[in-house]
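# sequence plus the predicted model coming up.
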Amino acid sequence: MRSFTFLTVLALIPLIYSCASAPKTVMREDPLIGKIMDTSTGKPVLFATLMDQIARHEVVYLSEKHDNPMHHAIQHRIIQDLVDSGRSPVIGFEFFSMEQTPLLLNLMDSIKAGHTPEMEAAVETRMRERLGWEDQSDEMWAYYWDLLILARDNGLTAAGLDLSSTQKRRITRKGLDKITPIEKRQIFSTDLSDPVYERYMKEIFTAVHCGMDHGRMTSRLYDTWKARNDKMALSITQLHDSLAKGASPAAPPGPIVVIMGNGHTEYGLGVVDRVNHLNPGISQLNLAITEISREPSGPDAYMEQLDLDGYAPAPPADYLWFTQRVSYEDPCERFKASLDRMKQKSKADLKKEE
């Protein structure tokens, strides 16, 4: 079984987010940076070829590492190219909830013409507050605000996909089996369950936490990840179903462009397989915008297929677009002392329970 880098699995994990502020080291020049690879052939393709494939699909994932500005620049370029070619993509965001969609649509309806810089700044401040992003860094907010304004200024539709922040916190704190019946009714489930896949994902969560495994917390984090994937898959299929009715008559509808962390899409699992479960007729394409590894690697290393019992071998994505890293620092090294203390506490807690 091959383990894979999963630094964007959950926005709820403080350790992951702390990586965004890690000090940068000397950047490595790598011949892969800027290349787009077709994983079905193992060969590089041109941007025009990629865009031709994107235009042929109904749902397109632009899978990112959240804190990498190059990833968001690539997303911007792809959306702009779709618009310039006469398409009318719908933009779905992991980082906003389905319930926040009316707020995003209000922004899409706002008129830029005649706005002074002061008025635009006021609109941004108000939206950031209403979307609950005051505590996020200005840098992180700017990435997604740029994409929202790109959508607004081109007359596009934008929608939230995820659970609400409160729902995510409740599941992480209590687990799916301990939330109240009324909460369960509000959380959609695909009823997809596989013990092999669950064990595998819990191994990934442990790796993300630099080897720190606390059984109950790991299970609750997996519950949250699974519930989020279910909700986002439902949101995507609902967008797909309503796209033809709401599309602009001046431009061909779609595709649905999903802005999402690559932890939710790798190997066609997470959200991708759930969308397929809900509507097998939807054509999906996953572009993984991928940081080069900390140590030099050839392209084959990035395209190694997942080996998991019960699943067909699959590459990480349909296409890989390589970028520079945000940091070459090992995030686990910075937290080694605190993680050691947490491990000792966890062992002591387990002894008390025995």
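Done, it's in.

# from here on, contacts and neighbour counts on C-alpha atoms
OK.

# quick one: low-confidence ranges for the stretch 201-350 of the chain?
211-214, 244-252, 335-350 (pLDDT under 70).

# tell me where it has strands.
253-261, 284-291, 319-323 (DSSP state E, counting those that start in this stretch).

# got a list of contacts for the helix or strand hosting Met51?
Assessed by DSSP states H and E, Met51 sits inside helix 47-55. Outside helix 47-55, the residues within contact range by Cα atoms under 8 Å, 6 or more residues apart in numbering are Ile36, Val60, Ile78, Leu82, Pro255, Leu285.

# can you pick out the most distant pair from those?
Of all pairs drawn from those, the greatest distance, 20.0 Å, lies between Ile36 and Pro255 (Cα to Cα).

# show me where the stretch 151-300 of the chain has its helices.
165-174, 181-186, 195-208, 215-246, 271-278, 299-302 (DSSP state H, counting those that start in this stretch).

# distance to Gly310 and mean neighbour count for the ones you listed - can I get that in JSON lines?
Conversion of those to JSON lines gives the following (distance: least, Cα to Cα, whole Å; neighbours: other Cα atoms under 10 Å):
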{"stretch": "helix 165-174", "distance to Gly310": "28", "mean neighbour count": "17"}
{"stretch": "helix 181-186", "distance to Gly310": "29", "mean neighbour count": "11"}
{"stretch": "helix 195-208", "distance to Gly310": "8", "mean neighbour count": "17"}
{"stretch": "helix 215-246", "distance to Gly310": "19", "mean neighbour count": "20"}
{"stretch": "helix 271-278", "distance to Gly310": "14", "mean neighbour count": "20"}
{"stretch": "helix 299-302", "distance to Gly310": "22", "mean neighbour count": "14"}
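
# can you list those in a markdown table and add distance to Trp141?
What follows is those, written out as a markdown table (distance: least, Cα to Cα, whole Å):
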| stretch | distance to Trp141 |
| --- | --- |
| helix 165-174 | 16 |
| helix 181-186 | 28 |
| helix 195-208 | 23 |
| helix 215-246 | 21 |
| helix 271-278 | 23 |
| helix 299-302 | 29 |
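
# of the ones you listed, which is nearest Thr157?
helix 215-246 (9.0 Å).

# mind checking how far the closest one is from the chain centre?
11 Å (Cα atoms, centre = their mean, to the nearest Å).

# for that helix, name the packing helices and strands.
Helix 215-246 is packed against strand 157-162, helix 165-174, helix 195-208, strand 253-261, helix 271-278, with contacts defined by 3 or more Cα pairs under 8 Å, 6 or more residues apart in numbering; DSSP states H and E.

# apply 10 Å and report the result again.
Packing partners of helix 215-246 (3 or more Cα pairs under 10 Å, 6 or more residues apart in numbering; DSSP states H and E): strand 59-64, strand 88-97, strand 157-162, helix 165-174, helix 195-208, strand 253-261, helix 271-278.
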